[in-house]
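> When you get a sec, could you give me coordinates for this:
(4 chains, ligands or ions: 4)
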Amino acid sequence: MEIRSHDILLVGGGGAGLRAAIAAAEVNPKLSIAVVSKVYPMRSHTVSAEGGAAGVAKPDDSLDEHAYDTISGGDWMCDQDAVEAFVKEAPQELLRLERWGCPWNREPDGHIAVRAFGGMKKKRTWFAADKTGFHMLHTLFQTSLKYQPITRYDEWFVTKLLVDDGRVQGVVAIDVMSGKIQAITAKAVIVCTGGCGRIFPFTTNANIKNGDGMALVQRAGTPLKDMEFLQYHPTGLPFTGILITEAARAEGGYMINKDGYRYLQDYNLGTPQAKPVLRSMELGPRDRLSQAFVKEDQKGRTVKTEYGSVVHLDLRHLGEKLINAKLPFVRELCMKYENIDPVNELIPVRPVVHYMMGGVSTDINGATSLGGLFAAGEVACVSINGANRLGSNSLTECLVFGARAGRAAAEFAVGQKMPNGRVLAQATDEQKRLEQQYLHKSGGQERIATLRDEMQKAVESGAGIYREQSTLSQAGNKLRELQERYANISLDDHSQTFNTELTSALELGYMLDVAQSIVECALHRTESRGAHQRTDFPERDDQRFLAHSLVRRNSDGSLKVDYLPVKITRWPPGERVYGQEEKPKDGIKQAG
Amino acid sequence: MSVQPSTEFHPRWYRAPVSTYWWMGSWRYSLFILRELTSVAVAWSVVVTLLLLRSLLKGPDAYAHFTHRMQAPWMLALNIIAFCFLLLHTITWFNLAPRAMPVRVGGKRVPEFLVAAPNYVLWVVASAAIAWFVLRKS
Amino acid sequence: MSKPSNEGFFWLLFSAGGVVAAVFIPVLLFLFGVAFPLGWLPQPSYEHLLTLARSPLARIFLFVVCSLPLFHWAHRFRFTLYDGLQVKHLNEAIFVLCYGGALVGTLLSGYLLLKI
Amino acid sequence: MAEKIVLEIARYAPEKDEKPSFQSFEVPFRKEWVVLDALNHIKDKVDGSLTYRWSCRMGVCGSCGMMVNGEPKLTCATFLSSYGNGATVRVEPLRYFPVIRDLVTALSDFLVKLQSVKPWLIRKDEPPLSAGEFLQTPEQLDIYKQFSMCINCTLCYAACPVVGLEPTFVGPAALALAQRYNMDNRDQGAEERLGLLAHPEGIWGCTFVGECTRVCPKHVDPAGAIQQYKLKAALEWVKGFILPRGSEDQSKEVRP
Ligand SMILES: Cc1cc2nc3c(=O)[nH]c(=O)nc-3n(C[C@H](O)[C@H](O)[C@H](O)COP(=O)(O)OP(=O)(O)OC[C@H]3O[C@@H](n4cnc5c(N)ncnc54)[C@H](O)[C@@H]3O)c2cc1C
Ligand code: SF4
Ligand code: F3S
Ligand code: FES
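Residues are numbered from 1 along each chain as shown, chains lettered A, B, ... in the order given. Ligands and ions are numbered 1, 2, ... in the order given. This is a model prediction of the structure:
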């Protein structure tokens, strides 16, 4: 087997991966850095982020306020040391992106413009129209092109982390175009593979978001954290699941039920005003808004359609001019995919699976418990998102913790020995496994698509917006059954060249693993917090559960859940209050 | 610049050949070739002008010969076709020019048809002026 | 791929020629090639045209109208031959033919306009 | 009456096929389906070996470009209903690119071209981050914004005959991207890029066919970008001709 070696290896070329690669290259230009990505980096899902990226920018705002919004938004599940580092470095990172050419929207005087976002008390979301992720990713990608030490492995699919001697020493990957299976060794590996929304049937996530990195890391013996916290975004277009960005509400859009009533006022989110009020009504946090939808549906006040119940997002009063200036992509998507024009029609929306708060458990530098293994971006859980991520924090998270992980990995790599021969034996085994289980296998009966559909149905009914013991257990049983049937899958495609059926099969394997972790963690957490709502345990229980869940996979495939206390520095757990009646909190100055 | 690695694993890429008659493949391509061929009509018009000048230089007989030659049916047909091509040139030129030279007023880009419009006005005025000089009785 | 080539020069000539050809040439061909031969308009007399052509402004005008459009033609025709016929190996010959032609035409028009 | 549509899909398996051939699949005709949904239906239910790229299904990742009835299209943004119930629709890989398999084209060459235009912000000075952002008014942003919208879907390459005739032509998207940086008031690399691109395989290769702009799903207008670039390059040439090299004035540099 041919071997390629680098000092640092990135799995993933999205926002987090590219930022980490550049950071490592800047720390130490002598390092050789590899970016391995299953799609060309600019196809990564960061490209579809719309609304913006949060970072304190204006004099009326403060780091503490950003921290407080984040922590209360996360229902006090955030590690506060991580949040403090995050809010402090956020503005610098966004500024650095500006220096690299990102076309941020501007004030008339040429300074950066910011907009409001859900759950944020101040305007602090930097944006590039409503294509922020697109512009960020392309800026990062184009900037990365100027760094000589960065080698790209475009369309290489990682199937295994090579671990020996208590540290990670590289990966095995398939060069999708040629079908060649190869080891790429490295002194440090940073996993930046993004989220796992595709486990669910109705999601904003792209086809490539299958939780690959989470499964790879867990299989390598490292735990995942807080997997029960999964975000539903309140405004997805029915059928396609295409996201209508929160910016639509930040600019003043209303959520109305079938009677044209702004129903959020019934759910403790404040009283309706004509103009948007920060941290209130439509600008409440996503978990609350999605939960309100379910309640509204139960009351029979939603609109029934072919693709399930919907409510309406009303932008008509904003006028064509504002919509074109601030929300052009929203209009484009509505016209293209729903054949409606938001300038004079209501947009049908429903909650849609959007973001994974949990992920690979890392410290504040992206390091995992395994030597040399780092993670950043949506795949990781540094715990700044807690039980519910605030919109526009995650793009910034990719930058801040991508950069941190890149620097930490660069430091780690110096002085490490080159990988040893044992990992090469592992790589050969992996190659044999792939050939026997997939490529050269005959006699299987299960179709990938069938298993995938059944998995998606099981997870949605068991671990949706509201959960309970019985449905979760059912989902768990179903997933175990699916794992067994997975061993019996069959491929139509035995070609080496660009075999996307092979990669789909591997992705299904990853998704099943991650789905099991989600269900297991959700079963164990017998309280309701943020995005995790148990109908059988409706209250938050700080006594027992002010703690992160850590889920490991035993060698027999069973899962084990432990807890790790949440790090509290300055903000003791309080009640989450949205709407105007909020009282000032200790230690926080509430301006305006 | 083209990248064509060849390892044992590298699959054979299929490259479809481009036909010599590619420009007949779609009407848009054909229109493009027609647009490019307007340059022949332009060159021909210059030749006609040069012939006219030569006849003026040589004297009244040569001029009479020139006018006579212009009346030959094949010559007329040729000139009518060339004239059509010239119109195509003018229209495509005026319509495409604003793309190459965007005009901004107050920070906003002026719509292309507004930039093209003055060109048409100029064209009409210039043509009328030339016709007037040529036709006027001195 | 490093030093800027002289294509810019030829492209400027092409563009200038394109403008001149678009604005001035249609009316000329229409009058002398179509309207007069068909008798739609009265053919101007030899003397009238001669005096007209001898005025200094007309000489400059006619020189511009003959020379620049020829370079316009040379540029476009060259690329049409490259693309339409895919005759890459003849690039240099085509180049000489096109610009040579335009140059000869330009010199000829200069000569005629000086002598007239 | 059954609602059906027939897809004639180009298949090419390099291990066994000399060249591509067509295979027909009947799929349900559903008004909310795009061409990509039909392909996914085939892959999931009928033939798992059908090979194509896709990811976002919302017209922004740029992976799913194919020729649909001879036109370069994003298949996730092209509805079956625009061809009508019962129609036959041809789906082929993007034209002028080498085909790896079925509907998948080779992009490595495109990436090399993209990198060759130096598509990053070039600065002569690099003030510290503490100096704050480079200023840029909304009007200055507007000048290049359109050219920054490219999703690298390569539809424009499949539309441009010059790409087919001259495989070394840098091509519309890469040239538009160069112009995107040239026109950004924060950038100081225009001169450097000019040397790279005022070249027969760069801007001078383009004959303004204009098809690139017509097919671009993101309204980038590469044709316009290239012509503007040509004008600039030509004027620079004149300037270089009149002013001896080295004496060019430095005053045009932009300040943050
Ligand atoms: C529609 C939408 C809108 C959003 N809007 C916002 C917003 O406005 N603000 C905000 O802050 N956040 C937003 N988010 C969230 C945010 O975009 C993501 O969390 C973030 O972009 C994730 O970036 P990433 O770098 O972690 O992963 P990605 O960008 O998903 O990149 C993952 C990378 O990993 C690679 N990869 C994965 N598996 C493998 C494998 N097995 N082998 C090799 N490579 C692999 C992929 O090729 C890819 O390059 C939005 C998300 C969605 C879905
Ligand atoms: S310019 Fe347009 S068509 Fe070309 S790659 Fe970019 S987005 Fe696609
Ligand atoms: S189609 Fe091609 S020739 Fe130029 S204008 Fe566009 S690049
Ligand atoms: S799938 Fe992303 S552009 Fe079509």
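> Whichever residue of the stretch 151-300 of chain A sits closest to chain B and ligand 4: what is the separation?
Closest approach between the stretch 151-300 of chain A and chain B, counting by C-beta to the nearest C-beta: residue A:178, at 3.8 Å. (C-beta placed from N, C-alpha, C; glycine too.) Distance check for residue A:178 against ligand 4: by C-beta to the nearest ligand atom, to the nearest Å, it reads 23 Å.
> Tell me how far that residue lies from residue A:157.
12 Å (C-beta to C-beta, to the nearest Å).
> ok, now which ones touch residue A:395?
A:15, A:46, A:49, A:52, A:53, A:54, A:132, A:133, A:136 (C-beta atoms under 8 Å, 6 or more residues apart in numbering or on different chains).
> try it again with 6 Å
Counting by C-beta atoms under 6 Å, 6 or more residues apart in numbering or on different chains, residue A:395 touches A:49, A:53.
> ok, now how distant is the residue in chain C that chain D sits nearest to from ligand 1?
Nearest residue of chain C to chain D, counting by C-beta to the nearest C-beta: residue C:8, 3.4 Å away. Distance of residue C:8 to ligand 1, computed by C-beta to the nearest ligand atom: 40 Å.
> pLDDT score for that residue?
pLDDT recorded at residue C:8 is 91.
> Surely it touches residue D:234?
Yes - counting by C-beta atoms under 6 Å, residue D:234 is a contact partner of residue C:8 at 3.9 Å.
> give me the residue from the stretch 451-592 of chain A nearest chain B.
Counting by C-beta to the nearest C-beta, the stretch 451-592 of chain A gets nearest chain B through residue A:497, at 4.4 Å.
> And for that residue, the neighbour number?
Residues contacting residue A:497 under the criterion other C-beta atoms under 10 Å in any protein chain shown number 22.
> so what's it closest to, chain neighbours aside?
Nearest residue to residue A:497, sequence neighbours excluded (C-beta to C-beta, 6 or more residues apart in numbering or on different chains): residue B:11, at 4.4 Å.
> does that neighbour sit in a helix, a strand or a coil?
coil (DSSP: H, G, I helix; E, B strand; the rest coil).
> Over to the one 5 residues further on?
Assigned with three-state DSSP, residue B:16 falls in the coil class.
> Could you report the pLDDT at it?
Value for residue B:16, per-residue pLDDT: 93.
> quick one on the thing from earlier: was I right about the residue nearest to residue A:497 contacting residue D:14?
Yes - counting by C-beta under 6 Å, residue B:11 touches residue D:14, with 4.0 Å between them.
> Spit out the residues that contact those two alike.
residue A:497.
> got the phi/psi numbers for residue A:356?
Main-chain dihedrals, residue A:356, degrees, to the nearest 10: phi -100, psi 110.
> which residues does it form a beta bridge with?
residue A:230 (DSSP bridges).
> contacting residues for it?
Here residue A:356 is in contact with A:195, A:196, A:230 (C-beta under 6 Å, 6+ apart).
> what's the closest of those residues to ligand 4?
Using C-beta to the nearest ligand atom, residue A:195 is the member of the contacts of residue A:356 that lies nearest ligand 4, at 16.5 Å.
> Can you pull the phi/psi pair for that closest one?
Per-residue torsions, residue A:195: phi -90, psi -160 (degrees, to the nearest 10).
> And for it, the neighbour number?
Residue A:195: 32 neighbours (other C-beta under 10 Å).
> The residue of chain C closest to chain D: neighbour count?
24.
> So what touches whatever helix or strand it lives in?
Residue C:8 is located in helix C:7-29, with elements delineated by DSSP states H and E. Helix C:7-29 has contacts (C-beta under 6 Å, 6+ apart) with B:42, B:45, B:83, B:86, B:89-90, B:93, B:123, B:126-127, B:130, C:65, C:68-69, C:71-72, C:75, D:204, D:230, D:233-234, D:237.
> What's the first helix or strand after that helix?
Next element after helix C:7-29 (DSSP H and E): helix C:36-38.
> So which residues make contact with that next one?
Residues outside helix C:36-38 that contact it (C-beta under 6 Å, 6+ apart) are B:70, B:71, B:76, C:43.
> again, only using 10 Å
B:67-73, B:75-76, B:79-80, B:134-135, C:30-31, C:42-44 (C-beta atoms under 10 Å, 6 or more residues apart in numbering or on different chains).
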